[in-house]
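S.K.: Got a sequence here, can you build the structure:
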Amino acid sequence: MNRSFFVFLLLICQSCDWFVKNQQQDKDVVAQVGSSFFYVDDIVYDSSLGDSTKVVSQQINLWLKKQLVLNAAFQNEEIINEIENKVSSYRDNLVLFEFEKYLFANSFNEKISNKEIINYYEENKNDFILPFSLVKTLYAKIPDDAPSINIFRNNLRKYPNSDTTEIISYCFQFAEKSFLEDSTWIKFDDILMNVPFSGEVDKINFLKSRTYHEIKEEGYVHFIRILDKKLIGDFSPISFEEEIINTILLNNRKQDLFDNLRDSIFSNSVKGVDYEIYK
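M.R.: As a prediction, this is how the structure comes out:
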């Protein structure tokens, strides 16, 4: 190497070192451990903390202890190797995660058809046995002095052979709470949470023996009209499981997409060029 060029490089390095040190001095260094610095700007102080000298001293000592322990830890090769392995593994997983996101955003069809949902349900029906009872129901909590409550009672008893709009309108005006989604399956327990039964309810017998029930509470009447039921041990209705099945199928589709891509990359790679196996 040309001697003058070497001297020139040496001067640049010294200048850079001087510049870094000068910058650090300009920033008012309070303490130093190795190449780490604690600056005035790093000090956190508020008048409510009391004696500033004591507070600053505590912060400096805490920083020094931490840096000295870190320095000692960095001398332990076993710890450093373990951390580097974890960082490398985390980085790989993060890259794969972001790569999957990119693939799904650019080549993934999120639309699951009704046919796919029905097929999955039929093929895995034994996975959809109910551990709780479901009902299609109308429920309302009405003040016992509400006007025309007997008309509402009769309409509810006769439902669906009564005027739906009258029931909805009445509940809108007078019900403290209500559930009027007659085509939606819900857990029977969710209804029972709102109804003040005097004791433990035999849910199975209740649902088997009744389609209409009233319970009086101080100042209120709870009305329950059972339209349909699925008991514990029955197959869960597909409409109740549709969202879960949709999620399962989406996850399966994502996994298939990534597996196919991985297999494609592997099959198109050349042994000895893109990868090697050592025995």
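S.K.: Please make it C-alpha for all contacts and neighbour counts, starting now.
M.R.: Fine.
S.K.: Just confirm Lys136 is within a helix.
M.R.: No: looking at Lys136 with DSSP: H, G, I helix; E, B strand; the rest coil, it is strand, so not inside a helix.
S.K.: and it, what does it touch?
M.R.: Lys136 makes contacts with 181-186, 226-229, as judged by CA atoms under 8 Å, 6 or more residues apart in numbering.
S.K.: can you give me the helices in the stretch 101-250 of the chain?
M.R.: 114-123, 149-158, 164-174, 188-192, 203-209, 238-267 (DSSP state H, counting those that start in this stretch).
S.K.: Tabulate the contacts of Lys136 in a markdown table, adding columns for neighbour count.
M.R.: As requested, the contacts of Lys136 are arranged in a markdown table below (neighbours: other CA atoms under 10 Å):
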| residue | neighbour count |
| --- | --- |
| Glu181 | 12 |
| Asp182 | 17 |
| Ser183 | 13 |
| Thr184 | 13 |
| Trp185 | 19 |
| Ile186 | 17 |
| Ile226 | 20 |
| Leu227 | 15 |
| Asp228 | 14 |
| Lys229 | 20 |
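S.K.: now these as JSON lines including pLDDT and distance to Ala72?
M.R.: Below are the contacts of Lys136 laid out as JSON lines (pLDDT from 0 to 100; distance: CA to CA, whole Å):
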{"residue": "Glu181", "pLDDT": "94", "distance to Ala72": "66"}
{"residue": "Asp182", "pLDDT": "92", "distance to Ala72": "69"}
{"residue": "Ser183", "pLDDT": "94", "distance to Ala72": "68"}
{"residue": "Thr184", "pLDDT": "96", "distance to Ala72": "64"}
{"residue": "Trp185", "pLDDT": "97", "distance to Ala72": "63"}
{"residue": "Ile186", "pLDDT": "96", "distance to Ala72": "60"}
{"residue": "Ile226", "pLDDT": "96", "distance to Ala72": "71"}
{"residue": "Leu227", "pLDDT": "96", "distance to Ala72": "72"}
{"residue": "Asp228", "pLDDT": "96", "distance to Ala72": "70"}
{"residue": "Lys229", "pLDDT": "96", "distance to Ala72": "68"}
